[in-house]
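Peer 1: just coords:
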């Protein structure tokens, strides 16, 4: 059974920083990519950043320059550093493991974490 657990969220003042972590555990043979999404109240879930197993990174335009995604492949963990936080960054941040294969013969599946709340006060 694969689980993704996010941590690092919280309440922070505008201009501050947070580092989110997401650890995937369980039977894992490989993961194609890991990423972070966020969903603000009343809005759709949106992409924040993704990183592939080969290290290719993409960022949403709304966070470019303020966000850094990184990955520890050996630990199946992905991190999201968010700097210069703004009130509009307030959202639940979700981690995704895309194209995860539990065993070499298994098909690929996508998994989501439960989310971690980030609240930015002005």
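Peer 2: Arrived safely. Fair warning: this is a prediction, and the values are worked out from it, not measured in the lab.
Peer 1: what is the neighbour count of the nearest residue to residue 1 once chain neighbours are set aside?
Peer 2: Nearest residue to residue 1, sequence neighbours excluded (CB to CB, 6 or more residues apart in numbering): residue 26, at 5.1 Å. For glycine as for every other residue, the C-beta is placed from the backbone atoms N, C-alpha and C. Here the number of neighbours of residue 26 (other CB atoms under 10 Å) works out to 12.
Peer 1: list the contacts of residue 22.
Peer 2: Contact analysis of residue 22 by CB atoms under 8 Å, 6 or more residues apart in numbering lists 4-7, 34, 36, 77-80, 95, 113.
Peer 1: how about residue 2?
Peer 2: 24-28, 97, 100, 102, 111.
Peer 1: just the buried residues of those.
Peer 2: 24, 97, 100, 102, 111 (16 or more other CB atoms under 10 Å).
Peer 1: which one of the contacts of residue 22 sits closest to residue 71?
Peer 2: residue 78 (4.8 Å; CB to CB).
Peer 1: ok, that closest one touching residue 36?
Peer 2: Yes - counting by CB atoms under 8 Å, residue 36 is a contact partner of residue 78 at 7.2 Å.
Peer 1: stretch 30-47: which residues count as buried?
Peer 2: For stretch 30-47, the neighbour count (16+ other CB under 10 Å) marks 31, 33-38 as buried.
Peer 1: and which of these is nearest residue 58?
Peer 2: Taking CB to CB as the measure, residue 35 is the one of the buried residues of stretch 30-47 closest to residue 58, at 8.5 Å.
Peer 1: what helix or strand is the residue nearest to the closest one when sequence neighbours are not counted located in?
Peer 2: In space, and not counting its chain neighbours, residue 35 is closest to residue 50: 3.5 Å by CB to CB, 6+ apart. Using DSSP states H and E, residue 50 sits within strand 46-52.
Peer 1: just checking, what packs against the following helix or strand past that strand?
Peer 2: Per DSSP H and E, the first helix or strand lying C-terminal to strand 46-52 is strand 57-59. Applying 3 or more CB pairs under 8 Å, 6 or more residues apart in numbering; DSSP states H and E, we find strand 57-59 packed against strand 46-52, strand 67-72.
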